[in-house]
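Colleague: Below are the sequence and a predicted model for it; my questions follow.
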Amino acid sequence: MRRTTVYTALALVAGVACTEIPYEDTRLPLRTFAVQVSPGSPLGTRESPLPFPSAEPARVELTLEALDEQGALLAEFNGAARITVVPGEVDATQRRVRFVDGRATTTAEFRFSYGETRIWVEDSGEDLATDCVNGLDDDLDGVSDAADPDCQQPEGRLASARATLAVGLSPSMFFAEPRIHDVQSSPRCTTDSPLGGQNVTIDQGQSARLVVTGTTQSGLYVTDLSGPASGYNAVFLFTFSNPGGVKPGDRLCSIAGNVAEFIGNSQLNFPSFVNGDPTRGIAGEAQGVVPCRPNEPDLAGADAVPPPHVLTASDVTGENASPPADFYRVCGPGDTVIPGLDDPTDCAAARAALPADVRRSSPIDCARDNFAMEPWEHSLVAFENVTLSTRFEDCDTNGDGFIARDPGNAEGICEEACTADPLCTVDVSLEKFGQFAAGVDCTPAPAASPDAAPTSGFVCAAKIFISTRDTLGKSGYDILQHKGERLARIVGHLRQTQPGAGVDTIWIVEPRAIEDFVSAVEAP
């Protein structure tokens, strides 16, 4: 037991006096944890790292001891410690371990670790922001939330009533750096990257074959040609402005940046890249030497850019799409598995099984689970038999540049009607983003009655959008000069926009050049 003295200044009429308030720190003298990995467990090395753990987690057996300020076993410690891994994510069911007489053993399963990795053991009590409102006994002391002393925050003294914040670290483990596929593919309930917020480096030393497939006024698209045929091999590097020192077809030695989600797109922010072309080298800086030897150096320029992946209307609507073989869904309370699901990949069933209050904050969003389109985000793709927008609606009736979507508002009603028409474009989208609608596999619709709402007069198997502002400029392609034109093929990079939870994703093709619009009359 340790005694602390707290002095309080009291302002008095006649002067200032100090009052001594004794405070007894009843916490155990826990200083640190000894963390040992079971003998024989593979730890990897810098030169020979373990595989990047994704759907299949890494597993290690841990032997733990609580130590006092002299480094001796603290047998009085019978509390629960928090288990984390940096970088990475520990399985939700293994994030706490209970000590008995100062000792504990546990299995730690974790995913999404790369580079030098360590397991942290911490006497942290319960987290006031999360553990104290989730209905779970997070620290295994038999009580939860408001009933737990750790959640009854003392006024101004400690963040937790009993936690010492003592920490212990495991020996270093080494895992392979992620590839683009690891950044883009999430085996969890959400399509967001599992590496969101992390700084990553992807280089050809991991057998990657990185090629630039296109540039825009705000970044560049990069594809790993060595990735799996099932997709998730492309990423956008957001450079904020036109990237210098790079062109389509360039082979890159490496790319790096902070993984982030932008309206549904997983991308690298604040990126850097090293170009294998000796005349360019590090982004924007001329180099006189070859910074690396890109794989397959005989491929260069247009020959190095892979052919577009052909998508269909059925892909846009999600028909016949199925989750990847390694997909699992973990999005229950406390990030635990949702019980009672016959098929954990069934999005609708997963959402329905959640309590209403949990459902509102869950990342499960069935409108985003399009496993036919998601693998090709930021890849070079093509659609065939495409009809360009025939109808343009000025839904911004007050001219403020925005669409008011509050219930009953005429602007929102106008937008909804236009959205339902496969060949209708809302003028605001065209003016702001150079974005217009297009239909896939369209046929003339039956004649409508004279009093029916206006339509484009076509029925299409799917609706997509085409955006030209960031690649062709404001005057690069005038859709108003091509209204209703039928294309044999449209080629470009695939992006998406997620308007909000429960709202279907908008899929956008961003052409690289005018030549990506292949008119039906020009097709061979």
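Modeller: Looks like it arrived, so ask away. Residues are numbered from 1 along each chain as shown.
Colleague: which residues of the stretch 51-200 of the chain fall in helices?
Modeller: For the stretch 51-200 of the chain, the helices defined by DSSP state H, counting those that start in this stretch cover 180-184.
Colleague: So, low pLDDT: which residues of it?
Modeller: 126-141, 145-146, 148-162 (pLDDT under 70).
Colleague: let's go with 90 and repeat that
Modeller: Across the stretch 51-200 of the chain, the stretches falling below the confidence threshold (pLDDT under 90) are 54-56, 78-80, 91-96, 124-165, 185-194, 196.
Colleague: Quick one: end-to-end distance for stretch 253-273.
Modeller: By Cα to Cα, to the nearest Å, the extent of stretch 253-273 from end to end equals 7 Å.
Colleague: Tell me the buried residues in that stretch?
Modeller: Using 16 or more other Cβ atoms under 10 Å as the burial criterion, the residues of stretch 253-273 that qualify are 253-260, 264-269, 271, 273. For the C-beta atoms, the positions are set from N, CA and C on the backbone; glycine is no exception.
Colleague: Closest one of the residues you listed to I202?
Modeller: Looking at the buried residues of stretch 253-273 and their distance to I202, the nearest is I255, at 5.2 Å (Cβ to Cβ).
Colleague: Now do the SS call for the closest one.
Modeller: strand (DSSP: H, G, I helix; E, B strand; the rest coil).
Colleague: got a list of contacts for the top helix by length along the chain?
Modeller: Longest helix in the chain by number of residues, with DSSP state H as the criterion: helix 410-420. Contact partners of helix 410-420, identified using Cβ atoms under 8 Å, 6 or more residues apart in numbering, comprise 391, 393, 395-398, 403-406, 424-426, 453.
Colleague: re the thing from before, tell me the least confident of the buried residues of stretch 253-273?
Modeller: Among the buried residues of stretch 253-273, G264 has the lowest pLDDT, at 81.
Colleague: Hmm, that residue is touching D369, no?
Modeller: No - if you go by Cβ atoms under 8 Å, G264 and D369 don't touch, sitting 12.0 Å apart.
Colleague: okay, and the common contacts of those two?
Modeller: Common neighbours of G264 and D369 (Cβ under 8 Å, 6+ apart) are T191.
Colleague: Can you show me the strands along the stretch 201-350 of the chain?
Modeller: Here the stretch 201-350 of the chain has its strands, by DSSP state E, counting those that start in this stretch, at 210-215, 219-224, 234-238, 251-262, 265-275, 309-311.
Colleague: With distance to F433 added, can I get the ones you listed in a markdown table?
Modeller: Shown next, in a markdown table, are the strands of the stretch 201-350 of the chain (distance: least, Cβ to Cβ, whole Å):
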| stretch | distance to F433 |
| --- | --- |
| strand 210-215 | 17 |
| strand 219-224 | 16 |
| strand 234-238 | 16 |
| strand 251-262 | 14 |
| strand 265-275 | 14 |
| strand 309-311 | 21 |
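Colleague: nearest residue to T190 other than its sequence neighbours?
Modeller: Residue nearest to T190 in three dimensions, not counting chain neighbours: P363, with 3.9 Å by Cβ to Cβ, 6 or more residues apart in numbering.
Colleague: Tell me where the stretch 251-400 of the chain is predicted with low confidence.
Modeller: 251-253, 261-265, 274-306, 318-372, 397-400.
Colleague: And the helices in it?
Modeller: For the stretch 251-400 of the chain, applying DSSP H, counting those that start in this stretch gives helices covering 313-317, 347-353, 356-361.
Colleague: end-to-end on stretch 363-383?
Modeller: End-to-end distance for stretch 363-383: 30 Å, by Cα to Cα.
Colleague: what's the closest non-adjacent residue to A104?
Modeller: Using Cβ to Cβ, 6+ apart and skipping the chain neighbours, the partner closest in space to A104 is L64 (4.4 Å).
Colleague: Name the member of the contacts of helix 410-420 with the most neighbours.
Modeller: T425 (25 neighbours; other Cβ atoms under 10 Å).
Colleague: can you give me the offset of the longest helix of the chain from its chain's centre?
Modeller: Distance of helix 410-420 from its chain centroid, counting by Cα atoms, centre = their mean, to the nearest Å, is 30 Å.
Colleague: Quick check: mean pLDDT of that helix?
Modeller: Averaged across helix 410-420, pLDDT comes to 90.
Colleague: Single out the most deeply packed of the helices of the stretch 251-400 of the chain.
Modeller: Highest mean neighbour count of the helices of the stretch 251-400 of the chain: helix 313-317, a mean of 19 (counted as mean count of other Cβ atoms under 10 Å).
Colleague: if we look at that helix, which residues are touching it?
Modeller: Here helix 313-317 has contacts from 320-321, 370, 372-373, 440-441, 460-464, 507, using Cβ under 8 Å, 6+ apart.
Colleague: let's go with 10 Å and repeat that
Modeller: 309, 319-321, 370-373, 375-376, 381, 383-386, 439-442, 460-464, 504-505, 507 (Cβ atoms under 10 Å, 6 or more residues apart in numbering).
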